[in-house]
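# fold the following for me, if possible:
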Amino acid sequence: MHKNKKITILSHILVWFVLFSMPYILSYEQQEINRVVAHFWIPILFYAIIFYLNFFVFIDRYFFTKKTTQFIIINLVLIAFFIFLKEQIGEIIFHELIKKRRANTGENTGPPKKLFIYIQMLSYMAPLLFSIALKSTKRWVKIEGERKEAANFKLKSELQHLHYQLQPHFFFNSLNNIYSMIDISPDQAKSSIHSLSKLMRYMLYETNFEMVALTKEIDFLKKYIDLMKLRVSDKTTVNYNFPSKETGIEIAPLLFISLIENAFKHGVSANKNSEITIDMTCNDKTVLFSVENNNFPKKTEDKSGSGIGLQNLEKRLELLYTDKFRFTTNLKDERFIATLEIETN
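Now for the predicted structure:
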């Protein structure tokens with residue numbers, strides 16, 4: 001910020017230096033210095049005063065506060081005063097020359113007075129309009145920056161809310177699964193609690209970052225699938241395939257877990273054969289993840305299939321990947337297929 005301020009000050013000094021230097025450089029004869037002062041340097045000085053008075057005072061105090069009438073009157077008075085002052089200074093500098101010319105011709109020479117004043121007023125309007133344009137642009141940039149900062153803060157807050165919403169949802173579903181094992185297989189229940197503690201450790205300590213290595217996320221998914229396999233009967237077959245090599249890809253954490261949870265909630269039956277197939281492939285920086293399972297719709301009173309996980313997933317994808325993802329679900333031959341494709345670059 002301090003560096004930008006220095007650059008701004010230097011650029012202003014350079015611009016005014018060039019404006020003041022050009023008339024002198026273009027005047028070839030030394031005796032024309034008085035003409036340069038009267039016709040160029042003094043007006044440029046007045047332009048600078050008009051510009052900076054408006055830029056630092058009048059625009060903020062009157063123009064941006066909708067006090068347009070006062071703003072116009074103040075600037076008209078200021079311009080009229082500078083035109084009058086310039087004429088008086090010109091009279092003093094060229095007094096002898098004007099006196100001699102009037103004596104020779106018997107009348108004033110040059111353009112009509114009204115036209116001359118009109119042209120001068122137009123020239124004084126230039127720094128005024130430029131200050132308005134510059135100040136308005138600066139204000140717009142500031143407002144746009146604040147808007148983007150507010151939007152970014154809102155985005156982070158919403159993502160954090162969704163993240164915190166996912167954790168208890170995941171924990172609640174896992175505890176329900178373990179609870180159902182306690183009477184049937186206490187040893188399996190103990191093992192599941194131990195596995196769950198490892199999963200929760202990942203969720204608490206690894207997922208606080210915006211991005212995690214895909215290999216860590218895959219390891220988490222494998223452990224979760226193995227945990228879920230403990231509670232299903234022999235009638236359910238679970239197949240999964242993940243990349244075995246390091247991909248170098250980083251991805252937002254906990255994007256795929258909801259799809260796997262959904263498969264185990266809706267794709268498993270106590271008395272019917274079922275199959276869950278989970279597959280992930282990587283191509284360059286694109287991750288393709290699919291889950292296919294039998295469809296056993298839950299009863300209305302069964303709240304375990306509330307669908308909060310998939311709603312959460314869609315919101316997070318829209319916030320994190322906007323135009324870089326494709327998420328589809330469809331039902332084909334009593335098989336539910338969910339496909340998620342993400343461009344991570």
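
# could you pull up the mean pLDDT of the helix or strand in which P127 is found?
Secondary structure from DSSP states H and E places P127 in helix 113-182. Averaged over helix 113-182, pLDDT sits at 72.

# centre of the chain to the next helix or strand along the chain from that helix, how far?
Next helix or strand after helix 113-182 toward the C-terminus (DSSP H and E): helix 186-205. Chain-centre distance of helix 186-205: 39 Å, with C-alpha atoms, centre = their mean, to the nearest Å.

# buried residues, helix 186-205. List them.
Under the neighbour-count criterion of 16 or more other C-beta atoms under 10 Å, helix 186-205 has A189, S191, S192, S195, L196, L199, Y202, M203 buried. For the C-beta atoms, the positions are set from N, CA and C on the backbone; glycine is no exception.

# quick check: closest non-adjacent residue to V232.
Closest residue to V232 apart from its sequence neighbours, by C-beta to C-beta, 6 or more residues apart in numbering: V268 at 5.4 Å.

# hang on, the one you found in a helix?
No: V268 is assigned coil when assessed by DSSP: H, G, I helix; E, B strand; the rest coil, not a helix.

# tell me, how many residues neighbour A213?
17 (other C-beta atoms under 10 Å).

# ok, it to R326 distance?
23 Å (C-beta to C-beta, to the nearest Å).

# ramachandran coordinates for I225?
phi -60, psi -40 (degrees, to the nearest 10).

# nope, I276 is what I was after
Torsion angles, degrees, to the nearest 10, at I276: phi -120, psi 130.

# what about K332, how many residues nearby?
K332: 9 neighbours (other C-beta under 10 Å).

# to clarify, my last question referred to S233.
When neighbours are counted by other C-beta under 10 Å, S233 comes out with 11.

# try the one 3 residues further on
For T236, the count of nearby residues is 21 (other C-beta under 10 Å).

# gap between D333 and Y240?
With C-beta to C-beta as the criterion, D333 and Y240 are 21 Å apart.

# between the buried residues of helix 186-205, which is nearest S258?
M203 (13.0 Å; C-beta to C-beta).

# can you give me the pLDDT of that closest one?
Looking at M203, the pLDDT reads 74.

# hmm, it is touching L254, no?
Yes: at 7.2 Å, M203 and L254 qualify as touching, with contact defined as C-beta atoms under 8 Å.

# give the contact list for V268.
Residues in contact with V268, defined by C-beta atoms under 8 Å, 6 or more residues apart in numbering, are V232, T236, S274, I276, N293, N294, F296.

# quick one, phi/psi of it?
phi -120, psi 140.

# okay, now the unreliable bits of this protein?
Across the chain, residues meeting the criterion (pLDDT under 70) sit at 1-4, 19-20, 23-39, 93-117, 150-174, 177, 180-181, 183-184, 298-308.

# can you list the residue ranges for helices in it?
Applying DSSP state H to the chain gives helices spanning 2-26, 33-36, 42-53, 68-93, 95-105, 113-182, 186-205, 214-229, 257-266, 308-320.

# out of those, the one nearest T339 is which?
helix 257-266 (9.2 Å).

# what is that closest one packed up against?
The contact analysis (3 or more C-beta pairs under 8 Å, 6 or more residues apart in numbering; DSSP states H and E) places helix 257-266 against helix 113-182, helix 214-229, strand 274-283, strand 286-294, helix 308-320, strand 335-343.

# to I72, which of these lies closest?
Nearest of those (C-beta to C-beta): helix 113-182, 10.0 Å.

# picking that back up, which one's more surrounded, D333 and Y240?
Higher neighbour count among D333 and Y240: Y240, with 17 against 7, using other C-beta under 10 Å.

# which residues does the more buried one contact?
Applying C-beta under 8 Å, 6+ apart, the residues contacting Y240 are L221, K222, I225, T277, I278, D279.

# P243 and L288 touch, don't they?
No: the pair P243 / L288 is not scored as a contact, 10.6 Å apart, by C-beta under 8 Å.

# and K245, its phi and psi?
According to degrees, to the nearest 10, K245 has phi -100, psi 160.

# need the helices of the chain in a markdown table (columns: distance to T344).
Formatted as a markdown table, those follow (distance: least, C-beta to C-beta, whole Å):
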| stretch | distance to T344 |
| --- | --- |
| helix 2-26 | 34 |
| helix 33-36 | 64 |
| helix 42-53 | 50 |
| helix 68-93 | 52 |
| helix 95-105 | 77 |
| helix 113-182 | 17 |
| helix 186-205 | 20 |
| helix 214-229 | 8 |
| helix 257-266 | 17 |
| helix 308-320 | 10 |
